[in-house]
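# Sequence first, predicted model second:
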Amino acid sequence: MAQKLYIKTFGCQMNEYDSAKMADVLAAADGMQTTADPAEADVIVFNTCSVREKAQEKVFHDLGRVKHLKQARPGLLIGVGGCVASQEGAAIVARAPYVDVVFGPQTLHRLPALLEARRRTGKAQVDISFPEIEKFDRLPPAQRVGVSAFVSIMEGCSKYCSFCVVPYTRGEEVSRPFEDVLTEVAELALSGAKEVTLLGQNVNAYRGHVGGAGGDDARESADFALLLEYVAEIPGIERIRYTTSHPKDFTQRLIDAYGSIPKLASHVHLPLQSGSDRVLAGMKRGYTTLEYKSIIRRLRAVRPDISISSDFIVGFPGETQSDFEATMKLVGELGFDDSFSFLYSPRPGTPAAELADATPLPVKKERLALLQAQIEAQAGAVSHAMIGSAQQVLVEGAAKKYSGELCGRSSNNRTVNFAGPPELIGRMVEVQITAALAHTLRGEYRVPPSGGECRVPPPVGENRVPPPVGECRVPPPAGECRLVE
């Protein structure tokens, strides 16, 4: 009987990707099957995040909640991976002696060997080294592929923002070879994926080696914009997303890609963190608000209705009321319609943790609530403006709340629920938006004209009258629009 694996994931999409790869590695090596019930698992893994203090403490809280399972079944193995594991290392075992394996983001491919060593020696195993790109060379193909898939294209961060632990827990920026990324995307497309999300701590810092067998001198480097161009040419891939980008690496070539690659989704997640230049300098973000605004202005010149989401830290040490008001002003000016926003959380070992902070916690919480309310109002306005428009929706599966209906996402990352036949799952279809709810949209499926439907998303900002039967209704800005047979 196959052993069972339970994984609980904390944090970002990079961690979600890593958790899926842990499952793939253990399935390939030991035939393990995943379970949603830790009580029936033979191996329990917590894939952790150390970006915020609460997330880190929650790991130890959850470890305590499975301690009784270990006491009842001594053969159960418990592992801690991810960024908390990388930061704390053997200290995790010292604090929770019932933990069997501790491994970092770069050593998840070694998980089968670490578990075997634990069984063989009876001693806890800790491996938080940084073997750079080795992880990707050792990972098996994905065991399960849906309509949308994640592909990690680079690891680590070299920006060293004063508040962030990522460079210390995931290492410096390292990009996967160009051909390796394209091969993985092509394999996912053959397995049924229609959308890929390219992942990296600073995904647009990607600089992947291209070809060459004679050492580094014989190899060229591809930037992120070139990677997007090649991914868009892979048959079967109909939409491309990416996260998380950094303003310092948002080049004009990347901006121009939004005019030349119709498959590139009309949504960008670009962390700002603060609308105050003084605070940005203290964060060591490496850009000013003027430079950030320039990126958004140039993006919207190419894609007028592009959706912009962002990250914000409220209450960074020394943030004044005027600093916060500058953030609120910029939020309104740039029209962000989604965000991940949090109170500042000091992380041990980071420069910002040593800064004096005199702002009372209630003041910080009030500021955070104001910021979140403003962005939510802006998101609602964007959603309501979409009513009556025709959107290209990638159908991901059955709707969660509406029995018998389908659910998918629009190019600007809105969830859309609508009535339609199950055979639409996995296809890009046209849906006319009829209502905007708190966090989703509702729409009506528009049956394509005889002869097929357009496989390429329409030009951004246009909602054209359908042409005569049999013709492609939304030709892209450049190239051919292929009809589905």
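Nice, I can see it.
# Report the contact partners of Tyr98.
If a contact means CB atoms under 8 Å, 6 or more residues apart in numbering, then Tyr98 has 63, 67, 70-71, 78 as its contacts. Placement of C-beta: from N, CA and C, glycine included.
# buried subset of those?
Of the members of the contacts of Tyr98, the ones counted as buried by neighbours, 16 or more other CB atoms under 10 Å, are 63, 70, 78.
# now, which of those residues sits nearest Gln125?
Minimum separation from Gln125 among these (CB to CB) is found for Ile78, which lies at 11.7 Å.
# residues in contact with the host helix or strand of that closest one?
Secondary structure here is read from DSSP states H and E; on that basis Ile78 sits in strand 77-81. Contact partners of strand 77-81, identified using CB under 8 Å, 6+ apart, comprise 18, 22, 42-48, 59, 63, 66, 70, 92, 98-105, 108, 111, 114-115, 118-119.
# Could you give the average pLDDT over stretch 403-422?
The pLDDT scores in stretch 403-422 average 96.
# Can you check the distance spanned by it, start to finish?
Terminal residues of stretch 403-422 lie 12 Å apart, using CA to CA, to the nearest Å.
# what residues does it touch?
By CB under 8 Å, 6+ apart, the residues outside stretch 403-422 that reach it are 239, 241, 265-267, 305-307, 309, 338, 382-383, 386, 391-402, 424-425, 429, 431, 433, 439-445, 457, 460.
# related to what we said a few turns ago, mind saving the C-alpha coords of the strand holding Ile78 as CSV?
This file holds the C-alpha atoms of strand 77-81, laid out as CSV (Å, rounded to 0.1, in the frame of the first residue of the first chain):
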residue,chain,number,x,y,z
LEU,A,77,8.1,11.4,9.8
ILE,A,78,7.7,15.2,10.1
GLY,A,79,9.6,17.6,8.0
VAL,A,80,10.0,21.4,7.9
GLY,A,81,11.0,23.0,4.6
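# Show me which positions of the strand or helix carrying Arg367 end up buried.
Arg367 is part of helix 361-385, with elements assigned from DSSP H and E. Buried residues in helix 361-385, defined by neighbour count with 16+ other CB under 10 Å: 364, 367-368, 370-371, 374-375, 378-379, 382-383.
# Can you tell me the number of residues neighbouring Val185?
By other CB atoms under 10 Å, 23 other residues sit near Val185.
# can you list contacts of the least confident helix or strand in the chain by mean pLDDT?
Lowest on mean pLDDT, DSSP states H and E among the helices and strands of the chain sits helix 134-138, with a mean of 77. Contacting residues not belonging to helix 134-138 are listed as 25, 105-110, 152, 155, 176, 180 [CB under 8 Å, 6+ apart].
# for the stretch 201-350 of the chain, which spans come out with low pLDDT?
Confidence mapping of the stretch 201-350 of the chain against pLDDT under 70 gives the ranges 212-219.
# residue ranges for the strands of the stretch 201-350 of the chain, please.
Secondary structure of the stretch 201-350 of the chain, counting by DSSP state E, counting those that start in this stretch: strands at 207-210, 220-223, 239-243, 267-269, 307-314, 338-343.
# Kindly reformat these as a markdown table containing mean neighbour count.
Output for the strands of the stretch 201-350 of the chain, formatted as a markdown table (neighbours: other CB atoms under 10 Å):
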| stretch | mean neighbour count |
| --- | --- |
| strand 207-210 | 18 |
| strand 220-223 | 16 |
| strand 239-243 | 22 |
| strand 267-269 | 22 |
| strand 307-314 | 21 |
| strand 338-343 | 18 |
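# Turn those into a markdown table, including distance to Gln87.
Rendered in a markdown table, the data for those read as follows (distance: least, CB to CB, whole Å):
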| stretch | distance to Gln87 |
| --- | --- |
| strand 207-210 | 26 |
| strand 220-223 | 30 |
| strand 239-243 | 22 |
| strand 267-269 | 25 |
| strand 307-314 | 19 |
| strand 338-343 | 18 |
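# Would you map the helices across the stretch 51-200 of the chain?
Across the stretch 51-200 of the chain, reading from the start of the chain, the helices by DSSP state H, counting those that start in this stretch fall at 53-72, 82-88, 91-95, 111-121, 134-138, 166-170, 178-190.
# Out of those, the one nearest Met14 is which?
Ranked by CB to CB, the member of the helices of the stretch 51-200 of the chain that lies closest to Met14 is helix 166-170, at 8.2 Å.
# In the sheet, which strands lie alongside the strand holding Ile78, parallel or antiparallel?
Sheet pairing for strand 77-81, assigned by DSSP bridges, gives strand 43-48 (parallel), strand 101-103 (parallel).
# between those strands, which one is nearest to Asn204?
Judged by CB to CB, the one of the strands paired with strand 77-81 that comes nearest to Asn204 is strand 43-48, at 24.5 Å.
# coming back round to it: buried subset of the contacts of helix 134-138, written for ChimeraX?
A single ChimeraX command suffices to select whichever of the contacts of helix 134-138 are buried according to 16+ other CB under 10 Å:
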select :25,105,106,107,108,109,110,152,155,176,180
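# And the contacts of helix 134-138, which is closest to Met283?
Taking CB to CB as the measure, Glu155 is the one of the contacts of helix 134-138 closest to Met283, at 22.2 Å.
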